[in-house]
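K.L.:
Take this sequence and fold it.
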Amino acid sequence: VIHGSWTALCAVGIVVGVLALLWFLSFEGIAAGPAVVVAVVGVLVVIAIESLTYTIIRVTGGLPTEFGHITYTGVILAAYLFGWRGAVLAGVLGGFLLGPFAELSGVRNDGQEAWLTRTIAYAGVGLLTGLLFERARTSIRAWRDTAVRVAAREREGMVALARGAEAKDTDTGDHIKRVQ
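P.N.:
Below is the predicted model:
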């Protein structure tokens, strides 16, 4: 039973990971480069965390147990790396592993209502956390753009002051233009 469970777990993890990666890449418009490497590694780490949670629960005797909360680690990591879409998908994966998959693989489970509630909670936390991360990223981009604009305006102001001072001094005429 354990060998079959691990084979099924690996198959589910690989399929869900590939689907998550393709889904993420299609929304983010990533074609190639370092971002793809981060995405692939991120998907693998999230799947590893979800699989580790399943394994710990299996070894400790099944559900209900507090170890199910380890799944939130993968969900929050997915929210940070992939936004709300990836986090919701990680929450659904965690709910599936601790619900129907656990039941099919012989792990003591706490019933259909419990795993449905757990899946909704995982996905809900993923949605909220992902939206908060995306809002923070948007704010950071806006602050960075503002800082660049302010720095450019300050530079323009300094050059204007220097030109004004230079205009009064005929010995250095157009020095600012020559050194820019």
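K.L.:
Residue 64 is in contact with residue 110, correct?
P.N.:
Yes: taking Cβ atoms under 8 Å as the definition, residue 110 is a contact partner of residue 64 at 4.7 Å. (Glycine included, C-beta is placed from N, CA and C.)
K.L.:
between these two, who's got more neighbours?
P.N.:
Between residue 110 and residue 64, counted using other Cβ atoms under 10 Å, residue 110 has the larger neighbour count: 18 against 14.
K.L.:
for residue 105, phi and psi?
P.N.:
phi -90, psi 10 (degrees, to the nearest 10).
K.L.:
And for residue 99?
P.N.:
phi -110, psi -100.
K.L.:
For burial, what's the neighbour tally of the nearest residue to it once chain neighbours are set aside?
P.N.:
Using Cβ to Cβ, 6 or more residues apart in numbering and skipping residues adjacent in sequence, the residue nearest residue 99 is residue 115, 2.9 Å away. Residues within reach of residue 115, counting by other Cβ under 10 Å, total 22.
K.L.:
OK, contacts around residue 115?
P.N.:
95, 98, 99, 100, 102, 103, 109 (Cβ atoms under 8 Å, 6 or more residues apart in numbering).
K.L.:
So for the third one, what's the pLDDT?
P.N.:
According to the prediction, residue 99 has pLDDT 86.
K.L.:
Correct me if wrong: it contacts residue 120.
P.N.:
No: using Cβ under 8 Å, residue 99 is not in contact with residue 120, being 11.0 Å away.
K.L.:
what helix or strand does residue 80 sit in?
P.N.:
Using DSSP states H and E, the element containing residue 80 is helix 71-98.
K.L.:
and the helix or strand just after that helix, what other elements does it pack with?
P.N.:
Per DSSP H and E, the first helix or strand lying C-terminal to helix 71-98 is helix 100-104. Other helices and strands packing on helix 100-104, by 3 or more Cβ pairs under 8 Å, 6 or more residues apart in numbering; DSSP states H and E, are helix 2-28, helix 34-59, helix 112-168.
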